[in-house]
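**Q** Next one to model:
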Amino acid sequence: MCGIVIQVDVGPYSQGAHIRPLGLKHGGPDVESNVLCLCPNDHVRFDNGALYITDDLQVIDALNGTVLGPLRTVPKHHIDLAHIQYHRSHLPHVP
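**A** Numbers count the residues shown, from 1 in each chain. Alright, predicted model coming up:
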């Protein structure tokens, strides 16, 4: 989301963030189309609703409504919009 690359001894570091959370409450699947590769800060912000993604893959700061720009993607990674919509629908402050 932010474009920051964290370098560690073995190379770049990122975290896999499930768009629709796993577990009984949300029932998100552990599949590639339900995962984003994020820096640790964006992972926490996304999981806690401070960031969300629109259907046209724009990243929004939910705290002030600012459009941060397009979600950075790679062509071979399909993101299931149903998971994006689920994530948004479970945030109390998203229009």
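
**Q** And stretch 13-22, what's buried?
**A** Neighbour-count burial for stretch 13-22, counted by 16 or more other Cβ atoms under 10 Å, picks out Q15, A17, H18, I19, R20, P21. Quick note: C-beta positions are derived from backbone N, CA and C, even for glycine.

**Q** pLDDT averaged over that stretch - what is it?
**A** On average, the pLDDT along stretch 13-22 is 96.

**Q** Now do it: everything it contacts.
**A** Residues from elsewhere that reach stretch 13-22 (Cβ atoms under 8 Å, 6 or more residues apart in numbering): 6-7, 26-30, 34-40, 42-43, 46-47, 53, 79-80, 82-84, 86-87.

**Q** re earlier: ok, so of the buried residues of stretch 13-22, who is nearest I60?
**A** Nearest to I60 out of the buried residues of stretch 13-22 is I19 (Cβ to Cβ; 14.3 Å).

**Q** Which residue is the nearest non-sequential neighbour of that closest one?
**A** H83 (4.0 Å; Cβ to Cβ, 6 or more residues apart in numbering).
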